[in-house]
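# give me a 3D structure for the following:
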Amino acid sequence: MNFDGLRIPEKVSMPRLKSWILAATGLPLWLLAESQRFAGSLNEALALVLGPPQGSIEEKEIAAGLDRWREWDELQKQAWTIQVLLLMEVSDRRLFMALLNGRTSTKPVGLTDAVETISLQVDAILLYVRPLGRGISQYELTFGLASDQYYTGCLKAVVGDDGEGGGLQGVSWEGALTQWISENLGERIGPIRGVRVSEVFALHCDGVEWSRRHKAGFKAAKVRMLAWHSEGASVTPLSVVRDLLPKPQDSGQSG
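Residues are numbered from 1 along each chain as shown. I've put the predicted structure just below:
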């Protein structure tokens, strides 16, 4: 979905959006906090806990709602926003909430246009999955890196049936992995399902860049699975990746 050209009449803070979504879903605060710990950011967690899309919506319908925004009271704004989010795919929800926060139409002051990215390989542990597709076995996987006494979810990859008799990752053990996932599904948090936290994978990550918005401190554009390690393999520390990342420079200062 393309939100270019949409203008928000009033910024909606993340705490405000959070309270609206908690009220609409009845989700307890502790469960959202747990989801955020896995997802890596509040934006991602809020997009996920609303569940699968309940329909569809066009950009012109969103624009019409934003035009009427100032006519509504708080409850009407909340009801409209929740309804719009429920009709969106998870990826569009993230962008729409960023738009409401005022984070997509302007560039942060003082940062240069160019953002350096790197490619790297890490060993990451599988934390949870989100079932995808209808009628075929597909999962979005979230992997974590070691951080203090726990793991921080920060890398995502999609595995499963490509609909043509092959696998989305193109590795020989992809079918065995989806079978393992189906047999080890755990607690449900919205559309997210926990799994037994034991499996470590070698991942190749492209387009890795520093990000203030993500709990891990970075994001990756593409993650490819290389190997499924034996149980007990070590997990790459989060600090290792952070240390490798080129940090954005303030364009107005030197030294």
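# distance of G166 relative to G160?
10 Å (CB to CB, to the nearest Å). Every residue, glycine included, has its C-beta placed from N, CA and C.
# more crowded one of the two?
For G166 against G160, the residue with the higher neighbour count under other CB atoms under 10 Å is G160, and the figures read 23 against 11.
# ranges for the strands of the stretch 1-150 of the chain?
Along the stretch 1-150 of the chain, counting by DSSP state E, counting those that start in this stretch, strands occupy 118-132, 138-147, 150-160.
# who does the first one touch, helix- and strand-wise?
Pointing back at strand 118-132 there. strand 138-147, strand 150-160, strand 192-195, strand 200-210, helix 238-244 (3 or more CB pairs under 8 Å, 6 or more residues apart in numbering; DSSP states H and E).
# need those in JSON lines with distance to T178 and mean pLDDT, can you?
What follows is the helices and strands packed on strand 118-132, written out as JSON lines (distance: least, CB to CB, whole Å; pLDDT from 0 to 100):
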{"stretch": "strand 138-147", "distance to T178": "7", "mean pLDDT": "91"}
{"stretch": "strand 150-160", "distance to T178": "5", "mean pLDDT": "90"}
{"stretch": "strand 192-195", "distance to T178": "12", "mean pLDDT": "88"}
{"stretch": "strand 200-210", "distance to T178": "14", "mean pLDDT": "92"}
{"stretch": "helix 238-244", "distance to T178": "27", "mean pLDDT": "89"}
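# ok, which of those comes nearest L50?
L50 lies closest to strand 192-195 among those, at 11.4 Å (CB to CB).
# report all helices and strands that the closest one contacts.
Using 3+ CB pairs under 8 Å, 6+ apart: strand 192-195 touches helix 29-39, strand 118-132, strand 185-189.
# which one of the ones you listed is the most hemmed in?
strand 118-132 (a mean of 20; mean count of other CB atoms under 10 Å).
# could you dump the strands of the stretch 1-150 of the chain to JSON lines with distance to W80?
Below are those laid out as JSON lines (distance: least, CB to CB, whole Å):
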{"stretch": "strand 118-132", "distance to W80": "26"}
{"stretch": "strand 138-147", "distance to W80": "28"}
{"stretch": "strand 150-160", "distance to W80": "30"}
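# quick one: which of these is nearest N101?
N101 lies closest, by CB to CB, to one member of the strands of the stretch 1-150 of the chain: strand 150-160, at 21.0 Å.
# good, we can wrap up now.
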